[in-house]
Structures are given as C-alpha cells and as structure tokens.
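**Q** Here is a sequence with its predicted model. Questions after.
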Amino acid sequence: MKLKLTLLITIALLISSLSDSCGQDQFKVGEIVTSRGEKRSGYIIVPAGSDCEEVRIPVTVINGYEEGPVLALFAGVHGYEYPPILAMTRLSLQLDPSMVTGKVIIVHVANIPSFLKRTVYYNPFDWENFNRVFPGKIDGTSSERMAYHLTREVIDQCDYLIDNHCGDGNEDLMRYLYCTETGNEELDLKTRGLAVSFNLKVIVHETGRTKDIENSMYVSNTALLRGKPAISTEIGKLGGSDEEDVLEVMRGNYNIMKHLGILDGEPDILFESVWVEEYQIIRSEHEQGLFYPLLSRGDHVQEGELVGYLTDYFGNMLQEVKSPYDGIILYIIATPPMSEGEPMVSVGKY
C-alpha cells in the first residue's frame, strides 16, 4: 500500500512538472499562443471605443525550438506604406520554427484603419499620426488604444525591434534608416549594430528624440526608452509596391536575424553605409496651398538652393523652400496638396 502511494505521488509530481514546463515554454501575443517549435498567426484585439469599432491587428509569431532573442518586426504603422507590409507577409510564410533560434513577432499591419481607408499619415477615425502617439492609452483615441495594446503585447515582450517604413503616398523618398542615440553606451552600441547590419546606403544619426518614456511618440523610440535596441527603416516611395523595394525590406530584415543569431549565416553586406549626422525637415508655414518640388529623392543640394516652392490656388507665391546646407534630399513631397505644419522636404547633411 505504501509503495503504491509513493508511486502515485511520483506520477502526480511528474505530471505537474511537465505541465509547468509546457506553461513556461508557451509564448502569448494577443490571442496567439505558441509553444516551442510552433508558428501561429492571429490578432491583437483592440476593443471598440467611442470613435471606432473593434480593431484586429494581424500578427504572426514564430517560436523556435531553442531559446534566443525575441525580435519584433513592425510594418504598416503608416497604412499607405506597402513594401514593408508585403515583405512581412512573405517573411511570415518563409520563416519556419526549425530555422529560428528564439522568437520572431511579425506585426503585419499595425495601423489597420489607415490601411483599409488608404489614408496618408493619419488614422481616419481620430486623424492622429499613429507614429506620434506611443506608448498609447488604454482609454484614449483609436490610435492611442492601438498603440497601448501594441506596446504591451509586442514592444514590452521583445528584446529587439525593427520598425519598417517607406515613402508614404506623397513622399518621394530614398532608402535610408534612422539610428537613434540615447546616451546609454551599451544600448547605443547594440542599436548601431542593427543599423549597420540592416545595410542601407544611408544611415541617419538621430539625436533629437524625446527621452520621456510616458510620451515616447515613435514605435522605435518606445522600444529604446525601455532599453531595447531598435531602428526605423525607410524603403520605398510614393505609396508604390515595387518588387525591388519589397525584396530590399526582406534582405534587411534577414540580415538582422542573422546578426542576432536568430537565423544561421552572416548578414549580406553589400556596401559601407554613409552616416548623415544632421538633417532638417522644412515645413509649410501656410494654412493650405499647392507644393511644387524642383528636385527628387537622393539629389545633392547646395546651401540656399531652391528645392521647391508653395503657391496659393491662384498661383501666387507663398513660400520658397531652400536647402539649409550642402547635403542630400532624403525625401521630398511629390504631390501638390499641402497644409500648414506638414513636411515639404527633408535634407540630410554628412
């Protein structure tokens, strides 16, 4: 009898131990629960508010068989930026848990309202720029609620983050990325490693981002202020879906996964990047008008050179747009509509 009781206790302890082990191996993002060696897709559910109905943000989680870093890949923070969105879908199909050490969280389209309504910059329910409202609020506007859930479900659970952007529907934009300096030497060194490994020709050295963790504004900055290396990339232009841009987004993100040891192999480094140490965005000073660009993305400019101008609807000159220094056009608005405070051109200096 005593032997039988001992055997039953041993079996019960073994079952409990296995159950605890399985629980520890599980990884939950939104409604998606994965164990080691699983890939699942589903949604982060953002409850309805007074300004819009429930929002379902599509996410894929690839949970590798072995422990390793957790990498978050964002796309569609601006819903009219298509190459990163298309690239994330391909990556989610190509990546298999057998290939992965650690975990990869793919946010396919972070700003679903903007994507479905085809709006440039803004969420059509609250007219907020989604990449200015992080870390969000649980009871805020539509954008703030989405940001809150993405921060809690993705940013807080990852170790590294890549926020993939491109030229919105109005932006003639060259390929580059932002590498933000925080003042934390260890964090900045790791972030620089991401920037170099992604391997775009131009890296913009960003030093002016807010240090307020309660109003971090940007996706990448939200990660950085939580001690997680992060960069923001720009590949694509004018709301297009060019295959070359999609492939370049994929190449960069594969490079990151190799750099972090999530995938086997070495990053595909094609060239040495040029660092832009300063940039300036010139904005409209007038309530509304028509913008006329005179140059294109990647053009080199001299200090004082006219790069574009703004008129009223009758052709009267409102504002001349001149380069603040010798540099390069990172992006320039290539469509006529212009409102006060909106960017017209970004010029980088190196």
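**A** It's in. Residues are numbered from 1 along each chain as shown.

**Q** Flag every buried residue along stretch 236-246.
**A** By 16 or more other CB atoms under 10 Å, the buried positions in stretch 236-246 come out as Gly236, Lys237, Leu238, Gly239, Gly240, Asp242, Asp245, Val246. Any C-beta I mention is one placed from the backbone N, CA and C, and that applies to glycine too.

**Q** Make TSV from those residues and add secondary structure, pLDDT and distance to Val202 to it.
**A** Below are the buried residues of stretch 236-246 laid out as TSV (DSSP: H, G, I helix; E, B strand; the rest coil; pLDDT from 0 to 100; distance: CB to CB, whole Å):
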residue	secondary structure	pLDDT	distance to Val202
Gly236	coil	97	14
Lys237	coil	97	14
Leu238	coil	95	18
Gly239	coil	94	21
Gly240	coil	96	19
Asp242	coil	97	18
Asp245	helix	98	15
Val246	helix	98	19
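
**Q** Would you tell me what the next helix or strand after the helix or strand bottoming out on mean pLDDT in the chain is?
**A** When each helix and strand of the chain is scored by mean pLDDT, DSSP states H and E, helix 2-25 comes last, with a mean of 47. Scanning forward in sequence from helix 2-25 by DSSP states H and E, the next helix or strand is strand 27-29.

**Q** buried sites along that next one?
**A** Phe27, Val29.

**Q** Counting by contacts, list what it packs against.
**A** If you count contacts as 3 or more CB pairs under 8 Å, 6 or more residues apart in numbering; DSSP states H and E, strand 27-29 packs onto strand 32-34, strand 55-63.

**Q** How about residues contacting the longest one?
**A** The contact list for strand 55-63, computed with CB atoms under 8 Å, 6 or more residues apart in numbering, reads 27, 29-30, 32, 34-46, 88, 92, 95-97, 100, 103-110, 112-113, 142, 145-146, 149-150, 154.

**Q** Can you tell me which of these are classed as buried?
**A** Among the contacts of strand 55-63, the ones that count as buried (16+ other CB under 10 Å) are 27, 29-30, 32, 34, 36, 38-40, 42-44, 46, 88, 92, 95, 97, 100, 103-110, 112-113, 142, 145-146, 149-150, 154.

**Q** Using CSV, please lay out the helices and strands packed on strand 27-29 together with distance to Glu171 and mean pLDDT.
**A** Output for these, formatted as CSV (distance: least, CB to CB, whole Å; pLDDT from 0 to 100):
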stretch, distance to Glu171, mean pLDDT
strand 32-34, 32, 98
strand 55-63, 24, 98
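
**Q** Averaged pLDDT, the helix or strand harbouring Arg152. What do you get?
**A** Using DSSP H and E, Arg152 maps to helix 142-153. Taken as a whole, helix 142-153 carries a mean pLDDT of 98.

**Q** Stretch 94-102 now?
**A** 97.

**Q** Any idea how far apart the tips of it sit?
**A** Stretch 94-102 has an end-to-end distance of 16 Å (CA to CA, to the nearest Å).

**Q** And for that stretch, what's in contact with it?
**A** Against stretch 94-102 from outside (CB under 8 Å, 6+ apart): 36-39, 62-71, 104, 257, 260-264.

**Q** OK, contacts around the residue nearest to Cys166 when sequence neighbours are not counted?
**A** The shortest distance from Cys166 to any non-neighbouring residue, by CB to CB, 6 or more residues apart in numbering, is to Gly236 (2.9 Å). Gly236 makes contact with Glu81, Tyr82, Pro83, Pro84, Cys166, Gly167, Leu173, Asp242, Asp245, Val249, according to CB under 8 Å, 6+ apart.

**Q** ok, now with 7 Å
**A** Neighbour list for Gly236: Glu81, Tyr82, Pro83, Cys166, Gly167, Asp242, Asp245 [criterion: CB atoms under 7 Å, 6 or more residues apart in numbering].

**Q** which two from the buried residues of stretch 236-246 end up farthest apart in space?
**A** Pairwise distances across the buried residues of stretch 236-246 peak at 14.7 Å for Leu238 and Val246 (criterion: CB to CB).

**Q** got a list of what Ala48 touches?
**A** Glu54.

**Q** Pretty sure it sits in a strand.
**A** No: the assignment for Ala48, made by DSSP: H, G, I helix; E, B strand; the rest coil, is coil rather than a strand.

**Q** Against Phe125, how distant is it?
**A** Using CB to CB, to the nearest Å, Ala48 is found at 11 Å from Phe125.

**Q** In this structure Glu285 contacts Gln319, no?
**A** Yes: the criterion here is CB atoms under 7 Å, and Glu285 meets it with Gln319 at 5.7 Å.
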